[in-house]
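In: Could you work out the structure for the sequence below:
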Amino acid sequence: MGKTGRNVARAADAAEDLTDSRAFILAARAGYIAAGILHLLIGAIALRVAFGGAGSADQSGALSQLDSSPGGTLLLWACFLGSTALALFLLGEVLFGANQLRDRDRASFRAKNGVKAVVYASIGSTFAFYALGGSRDSSSSTQATSTALMSHPAGAALLVAVGLGVMAVGGYFAYSGITRRFGKNLRGLPSGTAGKAFMGLGSAGYVAKGAALLVLGMLFVVATAKNNPAESTGLDGALKSLQEQPFGAGILGIIAAGLIAYGVFMVIRARYQRM
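Out: Numbering: from 1, shown residues only. Model (predicted):
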């Protein structure tokens with residue numbers, strides 16, 4: 001092995017040691033808390049909307065509300081650091097975590113953790129954007145992107161594919177909630193009522209998030225089929241569209257409560273997640 005190869009190997013070993021260190025894992029656990037806070041805020045806004053209030057039930061509305069709260073900027077930076085640490089930890093799992101797995105399991109393990117790493121990196125960048133004083137309207141941004149894509153056949157096909165993909169993810173979340181599949185990634189859970197309550201929160205949260213993603217994906221597909229980007233309004237529009245349905249306010253309220261449950265679950269999950 002040449003000098004360059006040895007340097008690369010040493011760098012890889014150092015990176016693996018870093019992602020396995022106690023301090024780094026503690027920081028990565030904070031990423032679950034950050035995701036929990038985000039879902040708590042979205043759920044609270046959606047619940048307010050269900051009772052006739054106003055607000056944007058998506059990332060932009062949640063983070064704008066957090067930024068305007070006392071100590072909000074500091075919390076935004078803390079959430080950025082936690083999300084980024086978790087993204088790097090998951091990237092470390094992609095690079096080093098599959099070494100002990102069988103060949104047939106490595107690809108799925110790396111793909112799953114790679115997707116999660118991208119998701120948490122995106123969440124972290126959004127926290128940083130708002131911490132730096134930025135703001136955006138997620139619904140308007142989604143509409144603008146949809147308008148541009150729908151003007152081309154390939155773009156329309158991409159939107160349909162995105163919609164179907166979001167629906168598939170939503171279905172998986174709902175399935176995980178119903179079967180409690182998410183429990184295999186947890187360890188050291190308390191016994192008795194506390195453990196059952198925690199798993200119940202997870203089930204309700206996963207199903208609610210799955211329902212929200214299913215509606216969101218359906219809006220992408222329907223908006224593209226109608227060539228009407230105005231109907232492609234992101235999560236906020238997806239949740240508010242439920243109000244137009246029979247018993248829509250009640251359904252929105254149930255999903256909002258489920259998103260709050262998911263947020264609480266994610267905050268507590270930081271303690272019990274298998275790392």
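
In: from here on, contacts and neighbour counts on C-alpha atoms
Out: Will do.

In: low-scoring pLDDT stretches of the stretch 51-200 of the chain, where are they?
Out: 138-139 (pLDDT under 70).

In: could you point out the longest helix in this protein?
Out: Identified as the longest helix of the chain according to DSSP state H is helix 192-225.

In: in that one, what's buried?
Out: Using 16 or more other CA atoms under 10 Å as the test for burial, helix 192-225 gives 198-224.

In: Residue 100 looks like it's in a helix, true?
Out: No: counting by DSSP: H, G, I helix; E, B strand; the rest coil, residue 100 is not part of a helix but coil.

In: neighbours around it, how many?
Out: Neighbourhood size, residue 100 [other CA atoms under 10 Å]: 9.

In: Helix or strand: which one has residue 161?
Out: Here residue 161, judged by DSSP states H and E, is contained in helix 153-179.

In: still on that earlier bit, chain center to the longest helix of the chain, what's the gap?
Out: Helix 192-225 sits 11 Å away from the centroid of its parent chain (CA atoms, centre = their mean, to the nearest Å).

In: Please work out the angle formed by the directions of that helix and helix 153-179.
Out: Here the directions of helix 192-225 and helix 153-179 differ by 160 degrees (axes from the mean of the first three to the mean of the last three CA atoms, to 10 degrees).

In: which strands and helices sit next to helix 192-225?
Out: helix 153-179, helix 234-241, helix 248-272 (3 or more CA pairs under 8 Å, 6 or more residues apart in numbering; DSSP states H and E).

In: closest to residue 133 out of those helices?
Out: Nearest to residue 133, of all these, is helix 234-241, at 21.6 Å by CA to CA.

In: now the angle from that closest one to helix 192-225?
Out: 90 degrees.

In: Show me what helix 234-241 is packed against.
Out: helix 138-150, helix 192-225.

In: got CSV for those, with distance to residue 240 too?
Out: Converted to CSV, the helices and strands packed on helix 234-241 look like this (distance: least, CA to CA, whole Å):
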stretch, distance to residue 240
helix 138-150, 12
helix 192-225, 10
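
In: thinking again about what came up before, buried ones in the helix holding residue 161?
Out: Applying 16+ other CA under 10 Å to helix 153-179 flags 155-160, 163-164, 166-178 as buried.

In: One more: stretch 41-54?
Out: For stretch 41-54, a neighbour-count test (16+ other CA under 10 Å) marks 41-50 as buried.

In: between the residues you listed, which is nearest residue 271?
Out: residue 41 (20.5 Å).

In: a strand runs through the closest one, doesn't it?
Out: No: if the criterion is three-state DSSP, then residue 41 is helix and not within a strand.

In: Would you agree it is in contact with residue 67?
Out: No: assessed by CA atoms under 8 Å, residue 41 is found out of contact with residue 67, at 11.7 Å.

In: Name the residues that touch whichever strand or helix holds residue 60?
Out: When elements are assigned from DSSP H and E, residue 60 belongs to helix 59-67. Applying CA atoms under 8 Å, 6 or more residues apart in numbering, the external contacts of helix 59-67 come out as 38, 41-42, 45, 55-56, 72-73, 76, 127, 130-131, 135-138.
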